[in-house]
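Asker: This is the structure alone, sequence omitted:
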DNA sequence: TAGAATAATGAACAAGCAGTTCGGTACAGA
DNA sequence: TCTGTACCGAACTGCTTGTTCATTATTCTA
């Protein structure tokens, strides 16, 4: 990819994240994004079809990074699926969130976009499916699988949200415990 | 209240609900609402400050109805807090939802507004607090109260969403059981 | 390093929407 | 019947989205 393209794309993403930390997705205008990113209007639209696509692509990029941190070998973390202790997968995620590598926290806070949470949950569900044995003990055979997976994934999302809204005072270890106790 | 006011208000609410069943809150315009409701533009704005306030007031009206169905003595249901069997409170809610008295289902579906779900959850939390003893057996003393209440309320919301998305094939009794098994 | 290809610029533009204003009309309630 | 109030509708401001295009700058490559 042309270096100019990469730089522009990054500038737009960064501007967008900065703005998302301050206000709701719905009330961010393209005008604000391009002012913050310092790019031309036409440039923005040559990169992203609409504002919604921008969010979509940002989500894909972020979640790709957080759910697969060995990509490009840049991360000091091992791939979450490769972790030795099975239990550490979710702990690892909480740790990632605490570090707030990508300002993901602002995006997950309650006032932000439904679509973003939806992406988060979708990625989580894939993870949960691979980790189902962990929750075997708690599962009741009467519960349909899809219900169960949905429940675990959303319990995680809600745990993160509760954590953020309460100032993230708890350690990732404590929150992981809460999560397991709640499921 | 003047009969004209009542009629206009109702027409706007109905138009809004009709439109919400078809498309996302964000892409409904005031123009569409007033065309569907067959009222003038200025009339709309004399009733509701903005589109957001319309949603807010609709939520208040609906949840007031569903969470307090004895209001105005119109309902055949007893007040949910007065039900004889403690267990029936949530069953009662699921039954209400199945009847879809107020087209509330469309509003709770995943593509709809965050604000709406937020209101739903807020009302639920109040209910959950009053019903906490029901969940005493499942609660672990390590979990903070606010975390626990939040978890129960959102488990309910997610149960409803799962139910809707899967075609509501299960009976309210079955779903109530799923809910209790999940919490 | 010259030249072709591609990306960015910025200003102008059309279209659409939110929310306001106001003079005129219709209706409710007493 | 009369008075106050609600509704109407059209016009208007201001803002946003998304497009266009001629011009400029940068990158890639031969």
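Answerer: Yep, it's here. It should be emphasised that the depicted structure is a prediction, and the values quoted were computed from it without experimental measurement.
Asker: Return the residues of chain A in contact with chain B.
Answerer: A:26, A:110, A:113-114, A:118, A:140, A:142-144, A:146-148, A:150-151, A:154-155, A:158-159, A:162, A:166, A:177-178, A:181-182 (CB under 8 Å from any CB of the partner chain). C-betas here are computed from N, CA, C, even on glycine.
Asker: Buried only: go through the residues you listed for me.
Answerer: A:113-114, A:143, A:147-148, A:150-151, A:154-155, A:158-159, A:162, A:177-178, A:181-182 (16 or more other CB atoms under 10 Å in any protein chain shown).
Asker: got the residues of chain A near DNA strand C?
Answerer: Within reach of DNA strand C by CB under 7 Å from any atom of the strand, chain A has these residues: A:2, A:4-5, A:7-8, A:38-43, A:46-47.
Asker: Same list, the residues you listed, but as a markdown table with neighbour count and secondary structure please.
Answerer: Formatted as a markdown table, the residues of chain A next to DNA strand C follow (neighbours: other CB atoms under 10 Å in any protein chain shown; DSSP: H, G, I helix; E, B strand; the rest coil):
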| residue | neighbour count | secondary structure |
| --- | --- | --- |
| A:2 | 7 | coil |
| A:4 | 9 | helix |
| A:5 | 12 | helix |
| A:7 | 11 | helix |
| A:8 | 19 | helix |
| A:38 | 10 | coil |
| A:39 | 19 | coil |
| A:40 | 11 | coil |
| A:41 | 12 | helix |
| A:42 | 9 | helix |
| A:43 | 17 | helix |
| A:46 | 12 | helix |
| A:47 | 17 | helix |
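Asker: any chance of those residues in a markdown table, with pLDDT too?
Answerer: Output for those, formatted as a markdown table (pLDDT from 0 to 100):
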| residue | pLDDT |
| --- | --- |
| A:2 | 88 |
| A:4 | 93 |
| A:5 | 95 |
| A:7 | 96 |
| A:8 | 97 |
| A:38 | 96 |
| A:39 | 96 |
| A:40 | 96 |
| A:41 | 96 |
| A:42 | 96 |
| A:43 | 97 |
| A:46 | 96 |
| A:47 | 97 |
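Asker: domain assignment for chain A?
Answerer: Using automatic domain parsing, the domain parsing of chain A gives A:3-48, A:76-182.
Asker: mind putting these in JSON lines, distance to DNA strand D included?
Answerer: Shown next, in JSON lines, are these (distance: least, CB to the nearest atom of the strand, whole Å):
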{"stretch": "domain A:3-48", "distance to DNA strand D": "3"}
{"stretch": "domain A:76-182", "distance to DNA strand D": "14"}
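Asker: weakest of these by average pLDDT?
Answerer: Among the domains of chain A, domain A:76-182 carries the lowest mean pLDDT, a mean of 82.
Asker: and the residues of chain A next to DNA strand C, which two are the farthest apart?
Answerer: Within the residues of chain A next to DNA strand C, A:2 and A:41 form the most distant pair, 19.6 Å apart (CB to CB).
Asker: Do a quick rundown of the strands in chain A.
Answerer: Taking DSSP state E as the criterion, chain A carries no strands.
Asker: all helices for it, in order.
Answerer: A:3-22, A:30-37, A:41-47, A:51-67, A:88-99, A:104-108, A:114-130, A:145-165, A:172-182 (DSSP state H).
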